[in-house]
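Enquirer: sequence unknown, structure follows:
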């Protein structure tokens with residue numbers, strides 16, 4: 001499914017990438033992404049997902065490349081889910 005992304009003044013699209021760790025993942029498994037400039041924030045979460053990453057890209061293809069190259073390539077990642085969001089303020 002293609003997502004059309006429009007830039008509007010003051011409104012910015014980005015993506016949440018949710019991460020489920022494999023069993024035995026160390027507490028700092030996320031630290032490998034600390035210097036990835038496109039990942040703006042990393043959050044520890046409870047529930048189905050273990051970690052949420054805010055990705056500051058507004059291009060679906062660029063997000064997909066980032067997810068596969070940087071995030072899914074970690075030996076500790078079991079699965080990911082990507083959700084688009086638009087920031088209003």
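Expert: Received the coordinates, thanks. A quick note: this is a predicted structure, and the numbers were derived from the prediction, not measured.
Enquirer: any idea which helix or strand carries the residue nearest to the spatial centre of the chain?
Expert: Among the residues of the chain, the one closest to the centroid is residue 17, at 2.7 Å (C-alpha atoms, centre = their mean). Element membership for residue 17, per DSSP states H and E: strand 12-21.
Enquirer: now that strand: how far from the chain's centre is it?
Expert: 3 Å (C-alpha atoms, centre = their mean, to the nearest Å).
Enquirer: thinking again about what came up before, how close does the residue nearest to the centre of the chain sit to residue 89?
Expert: 22 Å (C-beta to C-beta, to the nearest Å). (Each C-beta comes from the backbone N, C-alpha and C, glycine too.)
Enquirer: before we move on, what about residue 70?
Expert: Where residue 89 is concerned, residue 70 sits at a distance of 28 Å (C-beta to C-beta).
Enquirer: With neighbour numbers in mind, choose between the two.
Expert: It is residue 70, of residue 70 and residue 89, that has more neighbours when counted by other C-beta atoms under 10 Å, with 17 against 4.
Enquirer: for the residue nearest to that one when sequence neighbours are not counted, phi and psi?
Expert: Leaving out its chain neighbours, the residue that sits closest to residue 70 by C-beta to C-beta, 6 or more residues apart in numbering is residue 36, at 5.4 Å. With angles defined as degrees, to the nearest 10, residue 36 sits at phi -80, psi 110.
Enquirer: for residue 29, same thing?
Expert: According to degrees, to the nearest 10, residue 29 has phi -60, psi -30.
Enquirer: And the pLDDT for it?
Expert: Note on residue 29: pLDDT of 93.
Enquirer: for it, what are its contacts?
Expert: 21, 74, 76 (C-beta atoms under 8 Å, 6 or more residues apart in numbering).
Enquirer: And for residue 62?
Expert: residue 38 are the contacts of residue 62 under C-beta under 8 Å, 6+ apart.
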